[in-house]
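Undergrad: What follows is a predicted protein model with its sequence.
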Amino acid sequence: MPRERKIITYIATSADGYIARPDGGVEWLDRPRPPGNYGMGAFMRSIDTILWGRKTYDQALGFTEGGGMFGAKVRNCVFTHRPPASPPAGVEFVDEPIKAFASRLRATPGKHIWMMGGAGIIAAFLDEGQIDEFMIHVVPTFIGEGIPLLAPRHRLVPLKLLSSRRYPDGVVRLHYAVERGALSRPRVQRAPPPSSAP
């Protein structure tokens, strides 16, 4: 029986919960890495598809000359309502409902799926019940302001801690499962009936 393909958000945040500065800057992530690079190699071997929001994809193009990180070894899917006229090799642009896309992706044989981000696409998938796990690397640095892990919205999503690991440089990896059926929609607060007392 083929294993279930999971959609996993594997990401780093500052100690105050941001994934980037307001302008998308991530220079605060430039730091010496411990041996094993926080398990990145093992994680990359466990996935064969990466999901990108358009802004994060554009940022990544700026970091890698010629888009070198988008190769044939993994399938790269970029969510956007405005796909380019001539998509670069190795990149698919997606403009369809999240549930339909995720259901079709999970139904095809393959490895797990990396939800790269950013905040908007992570939140959109989470709110549709389409993220299975979060692997959050908390970097011991405050940056004061920036882009949060999730785009803001009223939500209540319980998580189950699967594991935690402390690295020699102070980074802590928190591995959570999203509890199935736990997504909570905003509730309408009903006002109490008016009192009949004088």
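TA: Yep, it's here.

Undergrad: Thought Ala123 was touching Arg153, still the case?
TA: Yes - using CB atoms under 8 Å, Arg153 makes contact with Ala123 at a distance of 6.2 Å. C-beta: built from backbone N, CA, C; applies to glycine.

Undergrad: Who has more neighbours out of these two?
TA: The residue with more neighbours, out of Arg153 and Ala123, is Ala123; 20 against 10, by other CB atoms under 10 Å.

Undergrad: show me where pLDDT drops low in this protein?
TA: For the chain, the stretches with pLDDT under 70 are 1-3, 62-72, 181-198.

Undergrad: for it, what spans make up the strands?
TA: 7-14, 18-20, 47-53, 75-79, 91-94, 112-117, 133-139, 147-148, 159-166, 172-178 (DSSP state E).

Undergrad: got the ones you listed as a markdown table, with distance to Leu61 columns?
TA: Below are the strands of the chain laid out as a markdown table (distance: least, CB to CB, whole Å):
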| stretch | distance to Leu61 |
| --- | --- |
| strand 7-14 | 19 |
| strand 18-20 | 15 |
| strand 47-53 | 10 |
| strand 75-79 | 10 |
| strand 91-94 | 10 |
| strand 112-117 | 13 |
| strand 133-139 | 23 |
| strand 147-148 | 18 |
| strand 159-166 | 31 |
| strand 172-178 | 27 |
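
Undergrad: For Arg31, find the nearest of these.
TA: strand 133-139 (7.5 Å; CB to CB).

Undergrad: helices or strands up against the closest one?
TA: Strand 133-139 is packed against strand 7-14, strand 172-178, with contacts defined by 3 or more CB pairs under 8 Å, 6 or more residues apart in numbering; DSSP states H and E.

Undergrad: looking at those, which is buried most?
TA: strand 7-14 (a mean of 21; mean count of other CB atoms under 10 Å).

Undergrad: now that one, how far from the centre of its chain.
TA: Relative to the chain's own centre, strand 7-14 is displaced by 5 Å; criterion: CA atoms, centre = their mean, to the nearest Å.

Undergrad: One more: stretch 134-151?
TA: Mean-position distance between stretch 134-151 and its chain equals 12 Å (CA atoms, centre = their mean).

Undergrad: Likewise for stretch 81-95?
TA: 20 Å.

Undergrad: ok so, going back, ok, which of the helices and strands packed on strand 133-139 comes nearest Ile147?
TA: With CB to CB as the criterion, Ile147 lies closest to strand 7-14 of the helices and strands packed on strand 133-139, at 9.9 Å.

Undergrad: And the closest one, what does it pack against?
TA: By 3+ CB pairs under 8 Å, 6+ apart, strand 7-14 packs against strand 18-20, strand 112-117, helix 119-127, strand 133-139.
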